[in-house]
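Student: curious how this folds, go ahead:
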Amino acid sequence: MLIELFFQFFIYSIVFLVLLVIDEPQTSLTNSNTKAQHEYNSYCIFYRDGVPRDLRNPVFKPDENEPNVIESDRKDKPDVAQSKAEIDMMIATANKFFRTSKTKKAFDILDHAIHSAPHNPDLLVEMGDKKLQNDDAVEADRYFSRAIQLDPNHGKAIQLRAKTRDLAIQYDNIKLAQLSAKRNLLREYDSKALKTNYKLMKILNEQYYQFVYHTIAIEGNTLTYKEVIDVIQTGKAPGGTDVAELSEIVGMEAAIKLVNRTIPYPITEDHIMNLHRRILGPVDPDNAGQYRNGPVYVGSFIPPSSEDVPILMEEFEHFLQSKAFNKMHPIRKAAYIHHQFTYIHPFVDGNGRTARLLMNQILMAAGYPYINIKVQNRLDYYRVLDEASKGDILEFERFLADQMEITLGLYLECTGVDQIEDVEKRKTTTDKIENYRDTIEL
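Tutor: Below you'll find the predicted structure:
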């Protein structure tokens, strides 16, 4: 029975890939497109070094870059039960240390309290207030934002956030300028040197496998990192593997190839449909590339009615081609396209995987490397997306900026470039960086 299932999976995968070739949009195969694609360095595409079939080695060799994921990382972790009296006692103890100038000890206690009760808005406001008193407006803004998300009518959080929001946005603009400077350093790295920098090419290759692994693991796929690598490299399925989970790898690789071919071109409804058709086709061909015709539920969030989806997607495409959108920093563009797409939630399934590819296509078109949201960061990822769905996209933007900073640092470390010195030299003014309040109403 198992052999028959895998045989059916193999036959279906071949048929699916043939259909993709037949269905390939004509605009993505012109000579001009091929030329444009070659202008992108390896870090600006989903790079994977092809392994010849006779040299494929299914033996997994873990190294320092292997994701250290345990099964509990895939699941939401409940709050640690703490009584109000215990929380109040920790706050009182922290305040005692603040009064005696033992700031680090005091923050450690508040951190422990928040870990024990992360959904307590009063505790988040207390932490934010202390951060503000210690001149850390950015961190304070994050705590106030989380408190307001939990309690939209929290008077103290609203009052204090009015003081921190503008200061935090100024800091955001500085950080985005620094990311642009690092991006420019990487872009100027000689392309010939890039091809002979084996350490960097090895990391780019590993990032590909990690992206495929994490983007499907976030959605609940239970294949291990080792199994994902084996499937991609050998084309063989581990014994006892669920066919649907294998199909998700096939779909993701097909979608990645489409993104690589269409990086420089505008994101349209047709492109989104083609992308989703590749992602979901091997798993659910009936719903692949088709807008949903009924309601869906994402935790406590209820997306718009299915009747509104076609109109919302048309408006979404128009805004992506607008001057207002093009004026935004690429990190903010990426945050917007991911948030708005998942807010509309146009498909029955595969919305998250599609959103992460669209987000990265925006980044790569602007000369940035793609970023990989890891399953270990799933809770923070969902939290900031939830905040964006309630009207505050800044935390999601900061989340993506943090991920991009890690990625750029990883690649630049391999080039031998003095990041600190060169970024300081390239600091640019931040008053031209558009923020969301000047550009778009969410």
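Student: got the buried residues for the longest helix belonging to the chain?
Tutor: Longest helix of the chain, by residue count under DSSP state H: helix 155-188. Going by neighbour count (16 or more other CB atoms under 10 Å), the buried part of helix 155-188 is 157, 160-161, 164-165, 167-169, 171-173, 175-183, 185-186. Bear in mind the C-beta positions are built from the backbone N, C-alpha and C, glycine included.
Student: can you check stretch 288-301 too?
Tutor: By 16+ other CB under 10 Å, the buried positions in stretch 288-301 come out as Ala288, Gly289, Gln290, Tyr291, Arg292, Val296, Val298.
Student: can I get those residues in a markdown table including pLDDT and distance to Gln149?
Tutor: A markdown table is the format used below for those (pLDDT from 0 to 100; distance: CB to CB, whole Å):
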| residue | pLDDT | distance to Gln149 |
| --- | --- | --- |
| Ala288 | 95 | 34 |
| Gly289 | 95 | 34 |
| Gln290 | 96 | 33 |
| Tyr291 | 97 | 29 |
| Arg292 | 95 | 26 |
| Val296 | 89 | 21 |
| Val298 | 82 | 15 |
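Student: how about those, which pair is most distant?
Tutor: By the measure CB to CB, Gly289 and Val298 form the most distant pair in the buried residues of stretch 288-301, at 20.4 Å.
Student: circling back to that earlier point, tell me the mean pLDDT for the longest helix of the chain?
Tutor: Averaged over helix 155-188, pLDDT sits at 91.
Student: what of stretch 318-331?
Tutor: If you average the pLDDT over stretch 318-331, you get 95.
Student: give me the distance between it and the centre of its chain.
Tutor: Relative to its chain's centre, stretch 318-331 lies at 19 Å (CA atoms, centre = their mean, to the nearest Å).
Student: other residues contacting the helix or strand that Asp141 is a member of?
Tutor: Following DSSP states H and E, one finds Asp141 within helix 137-150. By CB atoms under 8 Å, 6 or more residues apart in numbering, the residues outside helix 137-150 that reach it are 119-122, 124-125, 127-129, 131-132, 154, 157-158, 160-161, 163-165, 167-168, 171-172, 383, 386-387, 390, 392, 394-395, 398.
Student: could you give the angle of that helix to helix 155-188?
Tutor: 120 degrees (axes from the mean of the first three to the mean of the last three CA atoms, to 10 degrees).
Student: return the set of buried residues in helix 137-150.
Tutor: Within helix 137-150, the residues that qualify as buried by neighbour count (16+ other CB under 10 Å) are 137-149.
Student: can you redo those as a markdown table with pLDDT?
Tutor: Converted to a markdown table, the buried residues of helix 137-150 look like this (pLDDT from 0 to 100):
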| residue | pLDDT |
| --- | --- |
| Ala137 | 88 |
| Val138 | 85 |
| Glu139 | 88 |
| Ala140 | 91 |
| Asp141 | 90 |
| Arg142 | 87 |
| Tyr143 | 90 |
| Phe144 | 91 |
| Ser145 | 87 |
| Arg146 | 86 |
| Ala147 | 89 |
| Ile148 | 88 |
| Gln149 | 82 |
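Student: I am finished for the moment; much appreciated.
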